[in-house]
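*Asks:* model this:
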Amino acid sequence: MSTQHNAPHEAAGVLGGGGRGALEGLRIADFSRVLAGPYATMLLADLGADVVKVERPGIGDDTRAWHPPADHDGTSTYFLGVNRNKRSVALDLTTEAGREQARALVAESDVLVENFRPGTMERLGLGPRELRARQPGLVYCSISGFGGGAGATIPGYDLLVQAVGGLMSVTGDAAGEPVKAGVALVDVITGLHASLGILAALRHRDATGEGQLVEVNLLSSLLSALVNQASAFAVAGVVPGRMGNAHPSIAPYETFSAADRPIAIAVGNDRQFAVLADLVGEPGLARDDRFRTNADRVAHRTELRDILTRRLSGAGADHWSAVLLAAGVPAGPVNTLDEAFDFAQKLGLPGIVEIPAVENPAAATPAASAADGAQGRSFRQVANPIALSGTPPQYRLPPPRLGQHSAEILHGPSDLDHAPAPDQADG
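*Replies:* Numbering: from 1, shown residues only. Down below sits the predicted model:
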């Protein structure tokens, strides 16, 4: 079992402002909230982009209020998980003054990201046609639940998309109820699609000087992410159903009950199956006509599952994992999240990093230190999974307080000491 305080992984990226990020010099005006947009912009910020998060005064991103759990200051861990390396500015977009400030911010930005309900930004005078007419090089990324057409009025919540998009129909036990994934997976996938679209549009702008509108939506992203299940329907007309942890096309490829807890075994070819059969004490299985090929094993998966379960129940999951992996058979226990982070750390993979509250303690003023909390405080974050040999991800800034950088961004550094702080009521 693991401890609750996993040591941060020192090689996951660059702490502080040292080094040059791959996207350094790129500014993103981030009007998005909740998950898909903030996840996309955080990934780009990790790679060096300057992301300015636009939030409602006094309220901010919806996820600021999504707790428990929360950190020791009461900040939602949901918000903290997708908003590092960003600066926050509080703008009231219901006022002309706020909208004018937003236009000024966009005028100094390369990319705009938003995930309001379709039509909202247009009503605010911040739609892609108006802004790109003023700024042809702007890359404008719009994220929606169901597109801007007939589905524009449908709220884009991940649970809803998992349901209507078919994911829940293939998730869960065959005899049970449809089940959602344990995280807002559709939002995460859509965020990845958004970041990819933004980078492609920027590459085009580099070559032509022209920006463009990038549109992604949750439903289309999910249908694409259903990969083999969606292809089975598109090509062969097969409508798949729930199979628990089994795979429709491969066997054995599921979880089994070991003596202490479940173990996942993912046999991908006949050689691996022959090794598995030998190691569990059933060498004849590989020559049995019911199990000789993968197609045979899929057709007789119930009989095969019963035989393997009986054998695997004689020892613990860790024992079987070690034995099978040593012989080249993919296997592993069903870990809890703390065990998963420990496992990554043992493999030398990025897991958890800690970001100091003050970016440059040597240059920080007493007032800045007090505003950011006690000296020495740090924020634990899940590391960016992308490894770049020359420009690794950077961890420059912890997730911002609401409106923390409003004066800096709206008035400029030279006015910082004299301008009234518009975010005082939001802190």
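*Asks:* mind naming the longest helix for the chain?
*Replies:* As assigned by DSSP state H, the longest helix anywhere in the chain is helix 185-208.
*Asks:* output that helix as PDB - backbone C-alpha positions only.
*Replies:* Output in PDB follows, covering the C-alpha atoms of helix 185-208 (Å, rounded to 0.1, in the frame of the first residue of the first chain):
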ATOM      1  CA  LEU A 185     -13.800  11.800 -19.700                       C
ATOM      2  CA  VAL A 186     -15.600  13.500 -22.500                       C
ATOM      3  CA  ASP A 187     -14.600  16.900 -21.300                       C
ATOM      4  CA  VAL A 188     -10.900  15.700 -21.100                       C
ATOM      5  CA  ILE A 189     -11.000  14.300 -24.600                       C
ATOM      6  CA  THR A 190     -12.600  17.400 -26.000                       C
ATOM      7  CA  GLY A 191     -10.000  19.500 -24.300                       C
ATOM      8  CA  LEU A 192      -7.300  17.500 -26.000                       C
ATOM      9  CA  HIS A 193      -9.100  17.900 -29.400                       C
ATOM     10  CA  ALA A 194      -9.300  21.700 -28.700                       C
ATOM     11  CA  SER A 195      -5.600  22.000 -28.000                       C
ATOM     12  CA  LEU A 196      -4.700  20.000 -31.100                       C
ATOM     13  CA  GLY A 197      -7.000  22.200 -33.200                       C
ATOM     14  CA  ILE A 198      -5.400  25.300 -31.800                       C
ATOM     15  CA  LEU A 199      -1.900  24.100 -32.600                       C
ATOM     16  CA  ALA A 200      -2.900  23.200 -36.100                       C
ATOM     17  CA  ALA A 201      -4.500  26.600 -36.700                       C
ATOM     18  CA  LEU A 202      -1.400  28.300 -35.300                       C
ATOM     19  CA  ARG A 203       0.800  26.300 -37.700                       C
ATOM     20  CA  HIS A 204      -1.400  27.500 -40.500                       C
ATOM     21  CA  ARG A 205      -1.100  31.100 -39.300                       C
ATOM     22  CA  ASP A 206       2.700  30.800 -39.100                       C
ATOM     23  CA  ALA A 207       2.700  29.900 -42.800                       C
ATOM     24  CA  THR A 208       0.000  32.300 -44.100                       C
END
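*Asks:* so what does that helix touch, helix or strand wise?
*Replies:* Under the contact definition 3 or more CB pairs under 8 Å, 6 or more residues apart in numbering; DSSP states H and E, helix 185-208 sits against helix 36-46, strand 111-114, strand 139-144, helix 158-164, strand 213-217, helix 218-225. Glycine gets a C-beta too; all of them are placed from N, C-alpha and C.
*Asks:* any idea how far that helix is from the middle of the chain?
*Replies:* The chain centroid and the centroid of helix 185-208 are separated by 14 Å, computed with CA atoms, centre = their mean, to the nearest Å.
*Asks:* report the buried residues of that helix.
*Replies:* The neighbour-count criterion (16 or more other CB atoms under 10 Å) identifies 185-195, 197-199, 201-202, 205 as the buried residues of helix 185-208.
*Asks:* then stretch 123-138?
*Replies:* When neighbours are counted by 16+ other CB under 10 Å, the buried residues of stretch 123-138 are found to be 124, 126-128, 131-132, 135, 138.
*Asks:* if anything else comes up later, I'll come back, but that's it for now.
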